[in-house]
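[1] After the sequence you'll find the predicted model.
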Amino acid sequence: MRVALLALLLATPALADTAAVVTDHARPGFAAFAEAAQSLADLDTCDPATLRPAFHAAYDAWMAVDHLRLGPAEEDGRGLAVLFWPDPKGAGWKAQRALLAAPPTAEAMAQQSVAARGLPALERLLYPAETLPTDPCPLIRATADDLAATASRLAADWGPFGALMLGAGAPDNPRFLKPDEATQALFTQLATGLEALADRRIGRPLASLDKPRPDLAEAHASGRSIRNIALSLAALKQLALTLNPDSPRSLAAFDQALALAQGLDPDIDRIADPQAWLKLEILQQAVRQTRDTVLAELGPALGVELGFNAQDGD
């Protein structure tokens with residue numbers, strides 16, 4: 001995990017911490033994702049064994065920014081086009097089966113349902129649960145190229161969107177009308193990201209002790225469900241420390257949760273064992289406690305409260 005811990009001493013906390021998130025967290029994170037997605041698309045092969053390492057690299061890079069579902073990620077549903085999950089009705093595979101019969105170009109792929117695009121779509125092609133009905137190569141190429149194009153747009157749009165955040169409260173700023181609105185938006189991303197981590201990435205496979213559902217875990221087929229939990233937690237820690245480096249209680253809560261995550265068996269299927277299930281459930285509690293600590297410590301320090309988030313009510 002390439003997660004940098006940032007410690008910036010700034011004169012005007014709300015605006016300056018927002019600036020640090022834009023310049024040191026969001027922009028480089030999306031640039032790294034765009035680079036990784038392009039490297040995947042540039043591979044001149046359809047061999048799953050050859051593509052899988054680049055697929056994992058792109059997924060790793062996305063996990064560093066997945067929590068930033070505002071601005072460029074909201075535009076045209078780009079965040080969902082990268083990672084449409086959960087998909088409880090299996091809409092993605094249903095759409096992909098039709099596309100396998102008549103693969104679109106990369107440009108046409110952008111017009112398809114978000115459920116048939118992005119990292120989960122590539123996972124289903126590179127780690128198929130069943131024998132594919134036809135040669136997946138054209139669809140693999142179109143999906144990878146579409147992912148790279150989406151990643152490039154996300155990275156590019158964080159230029160002007162970041163400028164709006166940096167200029168929050170300026171007379172000609174149509175998005176952030178007050179100086180603290182950008183900070184509030186980022187703080188909300190942090191809180192929502194922790195909630196989604198506890199409820200979705202951990203909660204869905206956890207289900208119940210008598211009936212765990214590891215098959216519902218994110219990226220189950222590629223075996224990276226636990227890895228995604230740890231990467232998401234590390235990225236959210238980076239966001240929290242960038243917003244306010246002087247957050248000792250939040251730092252301690254994140255470190256405790258990360259230690260628990262790193263102590264999990266990397267195979268999510270092991271939660272069928274009650275002891276493994278209990279460890280994951282303890283981590284879920286720790287993530288929820290981390291969110292409570294963040295709300296109690298960072299919110300007052302930044303002078304903001306939770307605002308609306310695009311994932312609210314999902």
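    That came through, no problem. Numbers count the residues shown, from 1 in each chain.

[2] from here on, contacts and neighbour counts on C-alpha atoms
    Will do.

[3] Number of residues surrounding Asp87?
    13 (other CA atoms under 10 Å).

[4] Could you give the separation between the terminal residues of stretch 237-253?
    9 Å (CA to CA, to the nearest Å).

[5] Give me the distance between that stretch and the centre of its chain.
    Its chain's C-alpha centre and that of stretch 237-253 lie 19 Å apart, by CA atoms, centre = their mean, to the nearest Å.

[6] And the helices in the stretch 151-300 of the chain?
    Assigned by DSSP state H, counting those that start in this stretch, the helices in the stretch 151-300 of the chain fall at 181-196, 203-206, 225-243, 248-262, 274-302.

[7] Let me know which of those is the nearest to Ile268.
    Of all the helices of the stretch 151-300 of the chain, helix 225-243 sits nearest to Ile268, with 6.3 Å by CA to CA.

[8] for the record, mean pLDDT for that closest one?
    Averaged across helix 225-243, the pLDDT comes to 97.

[9] Show me what that helix is packed against.
    Here helix 225-243 touches helix 13-20, helix 48-63, helix 181-196, helix 248-262, going by 3 or more CA pairs under 8 Å, 6 or more residues apart in numbering; DSSP states H and E.

[10] Need those helices in JSON lines (columns: mean neighbour count, mean pLDDT and distance to Pro174).
    Written out in JSON lines, the entries for those read as follows (neighbours: other CA atoms under 10 Å; pLDDT from 0 to 100; distance: least, CA to CA, whole Å):
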{"stretch": "helix 13-20", "mean neighbour count": "22", "mean pLDDT": "67", "distance to Pro174": "17"}
{"stretch": "helix 48-63", "mean neighbour count": "19", "mean pLDDT": "98", "distance to Pro174": "28"}
{"stretch": "helix 181-196", "mean neighbour count": "23", "mean pLDDT": "97", "distance to Pro174": "12"}
{"stretch": "helix 248-262", "mean neighbour count": "18", "mean pLDDT": "97", "distance to Pro174": "33"}
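
[11] Pass me the low-pLDDT residue ranges in this structure, would you?
    In the predicted model of the chain, residues 1-16, 308-314 satisfy pLDDT under 70.

[12] make it 80
    Along the chain, the parts satisfying pLDDT under 80 run over 1-16, 307-314.

[13] So which residue is dead centre in it?
    The centre of the chain sits closest to Asp66, judged by CA atoms, centre = their mean, with a distance of 2.1 Å.

[14] would that residue count as being in a strand?
    No: if the criterion is DSSP: H, G, I helix; E, B strand; the rest coil, then Asp66 is coil and not within a strand.

[15] quick one on the thing from earlier: switch the helices and strands packed on helix 225-243 over to a markdown table; also include distance to Asp215.
    Compiled in a markdown table, the helices and strands packed on helix 225-243 are given as follows (distance: least, CA to CA, whole Å):
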| stretch | distance to Asp215 |
| --- | --- |
| helix 13-20 | 38 |
| helix 48-63 | 19 |
| helix 181-196 | 18 |
| helix 248-262 | 19 |
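
[16] Quick one: closest of these to Arg204.
    helix 181-196 (10.4 Å).

[17] which residues does the closest residue to Ala257 other than its chain neighbours contact?
    In space, and not counting its chain neighbours, Ala257 is closest to Ala286: 5.4 Å by CA to CA, 6 or more residues apart in numbering. Ala286 is in contact with 253, 256-257, counting by CA atoms under 8 Å, 6 or more residues apart in numbering.

[18] swap the cut-off to 10 Å and go again
    198, 253-258, 260-261, 280, 292 (CA atoms under 10 Å, 6 or more residues apart in numbering).

[19] what angle sits between the helix or strand harbouring Ala149 and helix 181-196?
    Assigned by DSSP states H and E, Ala149 belongs to helix 137-166. Helix 137-166 and helix 181-196 are oriented at 140 degrees to each other (axes from the mean of the first three to the mean of the last three CA atoms, to 10 degrees).

[20] Take the contacts of Ala286 and lay them out in a markdown table including distance to Asp145.
    Below are the contacts of Ala286 laid out as a markdown table (distance: CA to CA, whole Å):
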| residue | distance to Asp145 |
| --- | --- |
| Ala198 | 32 |
| Ala253 | 39 |
| Phe254 | 36 |
| Asp255 | 37 |
| Gln256 | 39 |
| Ala257 | 36 |
| Leu258 | 34 |
| Leu260 | 37 |
| Ala261 | 33 |
| Leu280 | 36 |
| Asp292 | 40 |
